[in-house]
Each structure stands twice: as C-alpha cells, then as structure tokens.
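S.K.: Turn this into a model:
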Amino acid sequence: MKSRETKQPEKKKIKLWKKIIIVIVVIITVTFCSILFLLYGPYPNFREWLITTAMTTMNHKYYAKWFYSDKTIEEVLSRNKVIEVDEYTNPLLIEETKQTEYANKYDKEILERNVDDDYKIIRVDGREYRGYLAVIYDPSRIKTVVTENVGEEGEYLETMAQRNDAILAINGGGFKDPNYSSNGAMPIGITISNGKVITNSEEKDRGLIGFTEDNKLILGKMTLEEAKKLKIRDAVTYGPNLIVNGKPSKILGNGGWGIAPRTAIGQRKDGIVLFLVIDGRSISSRGATMIDLLEIMQKYGAYNAANLDGGTSSVMIENNKIINNPIDSTGAHRTRKIATGFILTRNH
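M.R.: Numbers count the residues shown, from 1 in each chain. Now for the predicted structure:
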C-alpha cells in the first residue's frame, strides 16, 4: 500500500495537468473565436484585405475561397477596384526638357543631381511601407529583358540583369506557368524586347506597358498591330494603369489589390523615368495599396504610370545586387523566378 506522502505528489501532478489542459483549451477557443470574428464579424477591413490580397495573386486565391463564397468575393471586389483612364498615352505630351526651378521638395529630389549621374535612388517611406524609387535620366537606355527559356522556365532577375550588363533592374509584367509549375515561364499578353516580338497572346484585363523608339512610355490596352504603329520597341503586359496623360485612375476602396509588395513604373512630363519597388510582408513594411502607388507617383511628378507584377516578384537590382527586401508568402527572405523585367543598360 502506498503511503499518504506518495499519493499527495501524484494528486498535485494530476491537478497541474488539468490546469494546463484547461489553459490550452481556453487559448484554442479564444484563438478560434478571434479568427471567426475577423473572418465573419461586423468589421469588414480584415475580410476585404484578405479577399483583395488573395484574389490578385497567381497561386494563392484559395486563401479567400477557403472561407468565402463566390458571391461574397464578387461583392468585395466590386467595392474595391481601379477604374482606369480610358485612353492611350499621348507621346506628344512628353518632352525631354531641363528644368531650372523646383515645383516642390519631391521635384528637387528628382532633379538635383551631378551632371554625370545616370540615375539616383531615393528611399521612399510611408506610414506602413518602405521602398526605393530609382530615377532614370536617359530613357533610351531602358530595355525589356526576358527569360532565356520562354514557355519552359523563368529566371531570377539577377541572372537577366547580369546577362544584359544592367546597372539597374526591376521585375516586369505578369506571367503564367504551364502545368501550374509556378516558375515564371510564360509572359502574358504582348512582350517586346529590342523590337523583337516575344509573345502575343490575348489578355483582356491587362494593358501594354512599353517604350517607343523615341523613348516615351506608352500605356494602354491595344493589339500588337497598334503597338507596331506606335513604334514600341520594348514592352510587357500588366497593370492596372495608375496615371495616363496626367489623369489619375479612380480607386474604389483599396483598389482591389489589397496590401502587398509592389513594383511600378512611370514617366514624368520631362521624360525622366521612375522605377518604384515597395517591400512588404514584414513589420517594418506591410506593403502598398494601389492608392499608395498612385500617391507616390503623383508626388514625384509622374505623367504616366502603371503597376507591374508584385508580391514575391517585386525586386530591384543595382549593380548585380538586390537592394530591397523581397519576402515570399511563407515569410522567407527571397525572390522568385520571373518572365520579364525592365533594365537600365550601361552607357558604353
């Protein structure tokens, strides 16, 4: 027979385990109820963020579809969208000029430089985001780069930049992957590199983003024949357009794209080109909405501007090194293989 002293510690252990189990059950219950409250409660912000962020990704739409019906998703997207300016860029409105006066502090940041500078990089900080704005003074040296294995496999932007002797590079247009391989194999829509047509597929919801032979950034939904008439030499396909001919797009809600890492391109009326990359998925930088991109481009004088592919694709390269902080959907610090990019070539 066990002594009374032996039974006392056993009873204490049982009571301790009961308390631990109760605490665990309470934590699980509270967590579960909190998730349900966020997903289905009376406050729509989390719901709209989740749906708009998930539905604009290539591979993660299931994050929204797990929890919400198609009807709910459609309703949310109808309240959060970008209504683009319904016109093409007018290249005659872009003139390469030299300004002697600054309109504001942002204009000064753009125009104040050494005479021999090919570009400058400006740190961009907002309430919930951080990123980099590359200012390019000679748009004739901006080119489209494309993966060597179109249709089979994408490439990391570093590889494309090194192969093309680039000083600067950002990721480009959207892409799709045969057999859902998620390796950036096939550019969507129209892709043109140094005058050569790489792809020409129909893409109803996206527009062309490209440079003409006289170095004007052209934005608009168009056919390849229309692009050729405009003498476009380098182009990708994506969007939405943020500014066309100085007119901003109308953005409802958060624009329908949620908050994520972003890449955008723009051109000022004086011909200067802007490459923008915003980091996301971190404490220091959650990411940007379409509203954020539009506001940044307007501050720095963009007359035409468009959103490029974002998420894990968002990356900026300077002299063969990544200068931003790409983070994938799992939280890992890395970028991914993509199909296209824009580069600034060296002036040999």
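S.K.: Going by C-alpha atoms from here, please, whenever you check contacts or count neighbours.
M.R.: Noted.
S.K.: so how far is I259 from V146?
M.R.: 27 Å (Cα to Cα, to the nearest Å).
S.K.: Helix or strand next in line after the strand or helix carrying Q298, which one?
M.R.: Using DSSP states H and E, Q298 sits within helix 290-299. Counting by DSSP H and E, the element after helix 290-299 in chain order, helix or strand, is strand 302-307.
S.K.: angle of that following strand against helix 290-299?
M.R.: 150 degrees (axes from the mean of the first three to the mean of the last three Cα atoms, to 10 degrees).
S.K.: Against which helices or strands is strand 302-307 packed?
M.R.: Where contact means 3 or more Cα pairs under 8 Å, 6 or more residues apart in numbering; DSSP states H and E, strand 302-307 is packed against strand 217-220, strand 241-244, strand 262-268, helix 290-299.
S.K.: Quick check: next helix or strand after that strand?
M.R.: strand 316-318.
S.K.: Direction included, what does that following strand pair up with?
M.R.: strand 166-171 (antiparallel), strand 321-322 (antiparallel) (DSSP bridges).
S.K.: So which of those strands is nearest D177?
M.R.: strand 166-171 (16.5 Å; Cα to Cα).
S.K.: which other residues reach that closest one?
M.R.: Residues from elsewhere that reach strand 166-171 (Cα atoms under 8 Å, 6 or more residues apart in numbering): 157, 161, 263, 275, 277, 308-309, 313-320, 338, 340-346.
S.K.: Mind doing that once more with 6 Å?
M.R.: Residues external to strand 166-171 that are found in contact with it (Cα atoms under 6 Å, 6 or more residues apart in numbering): V315, M316, I317, E318, N319, G341, F342, I343, L344, T345, R346.
S.K.: what is the rounded mean pLDDT of the helix holding Q298?
M.R.: Mean pLDDT, helix 290-299: 97.
S.K.: Which positions within that helix qualify as buried?
M.R.: M290, I291, D292, L293, L294, I296, M297, Q298 (16 or more other Cα atoms under 10 Å).
S.K.: Not counting its neighbours along the chain, what's nearest the fourth one?
M.R.: What that stands for is L293. A264 (7.3 Å; Cα to Cα, 6 or more residues apart in numbering).
S.K.: how about the buried residues of helix 290-299 in JSON lines, adding distance to K71?
M.R.: Below are those laid out as JSON lines (distance: Cα to Cα, whole Å):
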{"residue": "M290", "distance to K71": "24"}
{"residue": "I291", "distance to K71": "25"}
{"residue": "D292", "distance to K71": "28"}
{"residue": "L293", "distance to K71": "29"}
{"residue": "L294", "distance to K71": "29"}
{"residue": "I296", "distance to K71": "33"}
{"residue": "M297", "distance to K71": "34"}
{"residue": "Q298", "distance to K71": "35"}
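S.K.: Out of these, which two sit at the greatest distance?
M.R.: Farthest pair in these, by Cα to Cα: M290 and Q298, 12.2 Å.
S.K.: Surely E95 touches Q267?
M.R.: No - between E95 and Q267 there is no contact under Cα atoms under 6 Å: 10.6 Å.
S.K.: Can you tell me the closest non-neighbouring residue to G131?
M.R.: I278 (4.1 Å).
S.K.: repeat for K108
M.R.: Closest residue to K108 apart from its sequence neighbours, by Cα to Cα, 6+ apart: Y102 at 5.4 Å.
S.K.: Let's verify the one you found: helix, strand, or coil?
M.R.: coil (DSSP: H, G, I helix; E, B strand; the rest coil).
S.K.: That one against L111, yeah?
M.R.: No - Y102 lies out of contact with L111 (Cα under 6 Å); the separation is 7.8 Å.
S.K.: Between the two, point out the one with more neighbours.
M.R.: Ranked by neighbour count (other Cα atoms under 10 Å), Y102 and L111 place L111 first, with 18 against 13.
S.K.: Distance of that one relative to L217?
M.R.: 19 Å.
S.K.: What backbone torsions are found at K196?
M.R.: When read as degrees, to the nearest 10, the backbone of K196 gives phi -100, psi 130.
S.K.: Count residues in the vicinity of it, would you?
M.R.: Residues lying near K196 (other Cα under 10 Å) number 12.
S.K.: Just give the nearest non-adjacent residue to it, would you?
M.R.: Closest residue to K196 apart from its sequence neighbours, by Cα to Cα, 6+ apart: R233 at 7.6 Å.
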